[in-house]
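[1] output the structure for:
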Amino acid sequence: MSQATVHTINPEKAAALSSSTTVPMVDLSLVTFNSERWIEPFFKSLLSQNHPCDRIRVLIRDNGSSDSTCHVIQSVINLHGSSFACIHLDRGPNVGYGQAHNHNFFAHAQSEWFWVSNVDLEFEDNTLVNLLAQATNDDPKVASWECRQKPYEHPKHYHPATLETAWSSSACVLFRSQAFRSVKGYDPRIFMYTEDVDLSFRLRDHGWTLKYAPKSTVWHFTYEQSHQVKPLQFFGSTLGNVLLRCRYGSAKEILQGFLMFASLLLMPSQFPGQRFGVLTHSLKLIWRAPYFLSTRKSSKITFPFRMWDYEFTREGAFYPLEPIVAEELQPLVSILVRTTSTRGSRLREAVLSVTHQTYPRIDLVVVQDGGDNAQIVLNELRSKGLLIGLESVQFKPLPKMGRCLAGNEAMALSKGQFLCFLDDDDLLYADHVEVLVQELLKGQTQSRKRPLAAVYALGFEVQTAVVSLEPWVYQELRHDLVFRQPFSRALLMHHNFMPIQTVLFKRELFEQLGGFDPELDNLEDWNLWVRFALDHDFQMVHKVTSLYRVPAIPQEAVERQQVLDDHYAIACEKHRQLMFQTNPMEFVEMAKELADDLYVVSVDKKKLKNWLIRSPQLSSLYYFCRRCWNFLKKLKSKFTR
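    The predicted structure is shown next:
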């Protein structure tokens, strides 16, 4: 079918710019379909980029829009076309999302970088600058860099230190053109949804790696409300999941996929026409499955399938992220890392996860309990320019003094208004500090019985099989959410449910109440939280923002737990010496809270009594049992005098 094509090009400018190597040229690929309401705000944000627009070639494929999309685009071309190296607008029938991007790439792309984006999003000023900075400094075997989405971040897991990910969303992603060309782009047989997962898997199948770009943010307006179910996405993603299992999954995963798809007929409808849609897409599945089975993967890589997902997800997908206010108005946050002389590789990973933080004002404090070779790790990272984004980096070697005193030295060195600990074998996802600061600042304005002084998020417990300590080589076997407990002062007095790296607290707590108790070799963080919480509130944020490691070998896990159990009695004895003020009703509420949390079955005696009395059949039995019980109590007291 013929296409009507409109070109707006400045040939002299394009020729002159093509010889320049100071600022990379980028091919920006857009696909539109009835997108008129998104075009103007999209281009407004694009024009505000700190990357020069005359180094951007805009390639647009309209998939047969029936509204005014093309007219609005043409108006943008007339008004701003000269600002870009060139703009192509091609029109044609709706060939699907992936195939339309393929058209833009193979028909018009010329540069080293191919930037795929939706038009229902807006960029921040430094989105492309940060994206290209990461890409141009990365390993040549990295194929793509996925932008971070707001207000709802994509919940899939990525490695917090290396930023490697199993697959990249194509809502906004930068490709190395060489990599995109090597796998022939998107599979045109996938109309929409899962085409990005398939391309990601094919790139990895051909030896490429994929990365996340947390500091390159876009505001993606894909959902009008949280937890929204869109029919096109529902059918496209479920059909695509089974087809991808045919290409990349095991025999068991393929069979599971077909059974899952069949079970959609039995589930309650989430929108009108769901069951009829499942039936029609079943025919598509039967028609397309043989092709995907005949184009199986060639490598031995195991590609993840987790029901309808691919990578395990972090809880908190619909936690709304807000714009970060001006940097000078943000409080400084100190991240405190304790290490020893034999943990250099682990320290390097932990610090890398700090450098990826999206929050702009961070003071990194590293204290070494015995020795000073951690300075080598910091110098290496500094020489590679990886510490530039941090406001300050402090290192202090200490004589051997133990974990608690080392932690107290770190708190004393800190410059931040808010503090957060990070053990050297734990990791922070890139949004950790941003999310916690947002929540702690928001909580300052809320009315409370006690002031809010700390917040904590969720953290994965990762069963880790260690292959080598130096260098640090390991295999992550499981990611579990062991703690998702909303704050309870009573329960905190019974046991700890806040892993140390999950908590962000005000520095003034350390100044007023002191630091770790040096007599505690373990559970020192629990004791600290209990003391801080006597007169201050904590608040949970329902989003996974960090991970901590536990041994994968059962015997090691048992031994580790035994050490903690032994120290539990010591910590409890410390807590017996603490005092705090409360009122009778709050005391009753705490007792009820503790019973509800600790026991599987907890029955309110008063409510049970009222229920028995009101029941005609049971009231007489209740009074009879009560008389018997009182008689036995009198009898017992008579014989025990």
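
[2] quick one: least confident helix or strand in the chain?
    helix 11-18 (a mean of 44; mean pLDDT, DSSP states H and E).

[3] check which element follows it along the chain.
    strand 26-32 (DSSP states H and E).

[4] make sure T162 is indeed in a strand.
    No. Counting by DSSP: H, G, I helix; E, B strand; the rest coil, T162 is not found in a strand; it is coil.

[5] right, and D54 touches G81 too?
    No. In this structure, D54 is not within contact of G81 by C-beta atoms under 8 Å, at 11.1 Å. Any C-beta I mention is one placed from the backbone N, CA and C, and that applies to glycine too.

[6] scan this protein for its longest strand.
    strand 452-468 (DSSP state E).

[7] can you give me the helices in the stretch 451-600 of the chain?
    489-494, 507-513, 524-533, 554-576, 584-598 (DSSP state H, counting those that start in this stretch).

[8] who wins for proximity to L321 among those?
    helix 507-513 (24.6 Å; C-beta to C-beta).

[9] and that closest one, what other elements does it pack with?
    strand 418-421, strand 452-468, helix 524-533 (3 or more C-beta pairs under 8 Å, 6 or more residues apart in numbering; DSSP states H and E).

[10] right, and the helix or strand after the first one?
    Sequence-wise, the next helix or strand downstream of strand 418-421 (DSSP H and E) is strand 427-428.

[11] quick one: strands adjacent to that following strand?
    Each strand paired with strand 427-428, and its direction, by DSSP bridges: strand 537-551 (antiparallel).

[12] so which residues of the stretch 51-200 of the chain form strands?
    Using DSSP state E, counting those that start in this stretch, the strands assigned to the stretch 51-200 of the chain run over residues 56-63, 86-92, 113-117, 121-123, 142-150, 172-176.

[13] for the shortest one, buried residues please.
    Spelled out, it's strand 121-123. 121-123 (16 or more other C-beta atoms under 10 Å).

[14] and the nearest residue in space to S65 that is not next to it in sequence, its phi and psi?
    In space, and not counting its chain neighbours, S65 is closest to N34: 5.0 Å by C-beta to C-beta, 6 or more residues apart in numbering. Dihedral pair for N34: phi 50, psi 50, per degrees, to the nearest 10.

[15] who's in contact with N34?
    65-67, 69 (C-beta atoms under 8 Å, 6 or more residues apart in numbering).

[16] with L46 instead?
    Counted by C-beta under 8 Å, 6+ apart, L46 has contacts 28, 53, 56, 123.

[17] kindly recompute the last result at 10 Å.
    28, 30, 53, 56, 58, 76, 80, 83-84, 117, 119, 122-123, 127-128 (C-beta atoms under 10 Å, 6 or more residues apart in numbering).

[18] let me know the distance separating it from W526.
    50 Å (C-beta to C-beta, to the nearest Å).

[19] returning to that earlier point: nearest to A166, out of the helices and strands packed on helix 507-513?
    strand 452-468 (15.5 Å).

[20] what angle separates that closest one from strand 537-551?
    0 degrees (axes from the mean of the first three to the mean of the last three C-alpha atoms, to 10 degrees).

[21] list the buried residues for strand 452-468?
    Quick answer for strand 452-468 (16+ other C-beta under 10 Å): 452-464.

[22] out of those residues, which is nearest to G389?
    A457 (21.4 Å).

[23] I figured the closest one hits L547, correct?
    No. Using C-beta atoms under 10 Å as the test, A457 is too far from L547 to be in contact (11.2 Å).

[24] what sits in contact with each of the two?
    Counting by C-beta under 10 Å, 6+ apart, the residues touching both A457 and L547 are 314, 428-429, 499, 501-502.

[25] low pLDDT regions in the stretch 101-250 of the chain?
    In the predicted model, the stretch 101-250 of the chain carries pLDDT under 70 at residues 223-229.

[26] run the last query once more with 80
    222-230 (pLDDT under 80).

[27] thank you, goodbye.
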